[in-house]
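Q: Next input, structure requested:
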Amino acid sequence: MAPIATYVFLDLETTGLPQLDNNQTRITELSMVAVKRQHLLDTRPGAVPRVLDKLSMCFNPGRLIHPDSTNITGLSNELLEHNTLFNLNVFNTINSFLQCLEKPICLISENGHSFDFPILKNHFEKLGVQLPDDTLCGDSLYAFHDILEGAKGAGSTAGSNSLANVAQNGDKVKRVQLCDDSIGEPSPKNEEQSPNIESAQSEEVITEDLEKHFNEYDDLKFQQIMKEQNNRTPEKKPIQNSLTKIKKVKRKIYFGNKPKPTVSYKLKDIYERVLNRAANEAHRAENDCLMTMEIAIGLKEKFVEYMDDEENHCKFSGVKAMTPGVKLGD
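A: Residues are numbered from 1 along each chain as shown. The predicted structure is shown next:
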């Protein structure tokens, strides 16, 4: 497969956390920031590429926004009352935006496999639409963890605040073995939702025997999904391969089979540790996209090589959509 040509950094804000909303969470804000591969590589660490393509939209979710979500994102039902619902026009806008970009395209999201990707896929499925089959997706949380922890293991200064130590370290990054039968993790980027939520999620990260947001796929679910997909679009090939692939890409927890990191992997903490400067206001979708992109720029070739590896990305068509009433990943 050709190397990824365009990275589309994606972030969503929502009405609340899926596990607290019976998986009926709705999107309140979506942002996409696209950058060409070579522009990412050519940009000096700490800077932003001159050429960026952006799409940012806010939506009337059509359901009550949780007060904690409003406190964090600043988005309320009152503010969004006259915004569009997430409808077919919105999908067409997103699809048209992506079609303007150089391919292959890869959607990049922080903790995307456990949050953004299944939620976005859920919204598309409600409309009966899907992105082109060649659209890829990758989780930057996995990438940042593997690269930064690999750099420590390769001999760079552990916990260093210097971007140069990360971006210029010539040692090969040690790969983290991906779980073959698991597809999710607690969500670091949402640990700040509220004191109660933060406490609950911390327990999920630390205590391995607690229930995770994502579990392995059930074989019967696979068969049913493939049957429905093939009956609905007989001209397309079965999706068994993409479903199997995403099982291999996803993990129970973002650090995989490695020990729990000794440092935080919340987005703002990664940003401040790598770039050695304060993060922008988090929980605004575009800001989160830009922070993720700036970290990727700091890692340069290591990030690009990581995402090119077929073990670290998958087709968006293989993402299992969030399903109301069903635990994420079932």
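Q: quick one: low-confidence ranges for the stretch 201-330 of the chain?
A: Counting by pLDDT under 70, the stretch 201-330 of the chain shows low-confidence ranges at 201-248, 252, 327-330.
Q: can you give me the strands in it?
A: 314-315 (DSSP state E, counting those that start in this stretch).
Q: quick one: the helices in it?
A: Along the stretch 201-330 of the chain, the stretches classed as helices by DSSP state H, counting those that start in this stretch are 219-232, 240-249, 267-275, 285-299, 301-308.
Q: Would you indicate which residues of stretch 304-322 are buried?
A: Within stretch 304-322, the residues scored as buried using 16 or more other C-beta atoms under 10 Å are 304, 306-308, 312-322. In this view, the C-beta of every residue, glycine as well, is placed from N, C-alpha and C.
Q: quick check, nearest of those residues to Arg63?
A: Set against Arg63, the nearest of those by C-beta to C-beta is Met322 (14.1 Å).
Q: What is the end-to-end distance of stretch 272-282?
A: Stretch 272-282 has its terminal residues 12 Å apart, counting by C-alpha to C-alpha, to the nearest Å.
Q: brain fart, stretch 9-24
A: Note: stretch 9-24 ends 24 Å apart using C-alpha to C-alpha.
Q: And stretch 259-266, by the same measure?
A: By C-alpha to C-alpha, the extent of stretch 259-266 from end to end equals 17 Å.
Q: likewise stretch 10-25?
A: End-to-end distance (C-alpha to C-alpha), stretch 10-25: 17 Å.
Q: averaged over its residues, what pLDDT does it have?
A: On average, the pLDDT along stretch 10-25 is 94.
Q: Just the buried positions in that stretch, please.
A: The neighbour-count check on stretch 10-25 (16+ other C-beta under 10 Å) flags 10-21, 23, 25 as buried.
Q: quick one: the helices in the stretch 1-150 of the chain?
A: 37-42, 67-73, 88-99, 116-127, 140-153.
Q: could those go into TSV alongside mean neighbour count, distance to Pro49 and mean pLDDT?
A: Listed next are those as TSV, based on neighbours: other C-beta atoms under 10 Å; distance: least, C-beta to C-beta, whole Å; pLDDT from 0 to 100:
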stretch	mean neighbour count	distance to Pro49	mean pLDDT
helix 37-42	15	4	98
helix 67-73	17	26	96
helix 88-99	15	17	99
helix 116-127	20	22	98
helix 140-153	23	16	88
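Q: Distance to Ser109 added to those, as JSON lines?
A: Formatted as JSON lines, the helices of the stretch 1-150 of the chain follow (distance: least, C-beta to C-beta, whole Å):
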{"stretch": "helix 37-42", "distance to Ser109": "16"}
{"stretch": "helix 67-73", "distance to Ser109": "16"}
{"stretch": "helix 88-99", "distance to Ser109": "14"}
{"stretch": "helix 116-127", "distance to Ser109": "4"}
{"stretch": "helix 140-153", "distance to Ser109": "7"}
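Q: how about those, which one is nearest Met1?
A: Closest approach to Met1 among the helices of the stretch 1-150 of the chain (C-beta to C-beta): helix 37-42, 13.7 Å.
Q: Show me what that closest one is packed against.
A: In this structure, helix 37-42 makes packing contacts with strand 6-14, helix 285-299, helix 301-308, judged by 3 or more C-beta pairs under 8 Å, 6 or more residues apart in numbering; DSSP states H and E.
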